[in-house]
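Visitor: Starting from these lines, generate the structure:
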Amino acid sequence: MSKPHSFPRILGLFSVFGVAYVLLAAEPAWSQPESTAAAEPAPPADQQYTGTKQCAACHFDQFMKWKVTKHATTFDLLPAQYQADAKCLACHTTGFGRATGFKTAAASSDLKGTTCEACHGPGSKHAEIAKQFANQKLTPEQDKTVRDSIWKVSPNNVCASCHVVQGHHENPTPAELRKK
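Guide: Numbering: from 1, shown residues only. Here you go, the predicted model:
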């Protein structure tokens, strides 16, 4: 005989579905007209991926916090036979499929995992622009120049492009593969 559902549990489920509906039905800020969303200027074009070492040179505290997250190890979570699979590399590396993005673990070790540039976009111009202000207290204008050289968060729902449950199939763990 099954147990009856408790009221708090049912209420919790409705809450989850309600939040999901609001999030999915809402128009993302980057797709709204400028009058309703604060427009973030597009960074300079023709940027190249620089990798985590370049980011860490100026953003060491942020780098150390990122380094202990799952995003830092997304490539290492892939079983060996999937580490060359384009369907997997699009989310488990940074910039895969782009000219200066991830190629192989050996050739692009600084782009393994979901690095800074996976969310903020390629950072070569940002590094170049910020370098001229090294060790200075920035004026508001200088700060704006540096910040406008990279995305705060890349547009086009960059998070959802990888965090899509429907499109991801659980792959066997290395231990499960050894059993086969």
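
Visitor: what's the weakest-modelled helix or strand in the protein?
Guide: helix 7-25 (a mean of 43; mean pLDDT, DSSP states H and E).

Visitor: Name the residues that touch the helix or strand following that one?
Guide: Sequence order places helix 52-58 as the next helix or strand after helix 7-25, per DSSP states H and E. The contact list for helix 52-58, computed with C-beta atoms under 8 Å, 6 or more residues apart in numbering, reads 62, 63, 110, 111, 115, 116, 117, 123, 127, 130, 134. Glycine gets a C-beta too; all of them are placed from N, C-alpha and C.

Visitor: In a helix, the first one, correct?
Guide: Right, the one you point to is residue 62. Yes: Residue 62: assigned to a helix according to DSSP: H, G, I helix; E, B strand; the rest coil.

Visitor: mind checking how far it is from residue 72?
Guide: Distance, residue 62 to residue 72, by C-beta to C-beta, to the nearest Å: 12 Å.

Visitor: What strand or helix carries the residue most central in space within the chain?
Guide: By C-alpha atoms, centre = their mean, the chain has its centre lying nearest to residue 119, at 3.7 Å. Using DSSP H and E, residue 119 maps to helix 116-120.

Visitor: Quick check on the contacts of helix 52-58: which are buried?
Guide: Among the contacts of helix 52-58, those classed as buried by neighbour count (16 or more other C-beta atoms under 10 Å) are 63, 110, 111, 115, 116, 117, 123, 127, 130.

Visitor: The residue nearest to the centre of the chain against residue 154, yeah?
Guide: Yes: using C-beta atoms under 8 Å as the test, residue 119 is close enough to residue 154 to be in contact (6.1 Å).

Visitor: so where's the protein uncertain?
Guide: Low-confidence segments of the chain, defined by pLDDT under 70, are located at 1-38, 165-180.

Visitor: ok, what's across the strand from residue 93?
Guide: Applying DSSP bridges to residue 93 yields these beta-bridge partners: residue 112.

Visitor: What is the burial count for it?
Guide: Residue 93: 25 surrounding residues under other C-beta atoms under 10 Å.

Visitor: any idea how far it lies from residue 157?
Guide: 19 Å.

Visitor: for residue 125, same thing?
Guide: The gap separating residue 125 from residue 157 is 23 Å, by C-beta to C-beta.

Visitor: Then residue 81?
Guide: Residue 81 sits at a distance of 30 Å from residue 157 (criterion: C-beta to C-beta).

Visitor: And for residue 141?
Guide: When C-beta to C-beta is the yardstick, residue 141 and residue 157 sit 31 Å from each other.

Visitor: Who has more neighbours out of the two?
Guide: Neighbours of residue 141 and residue 157, each counted by other C-beta under 10 Å, are more numerous for residue 157; the result is 13 against 8.
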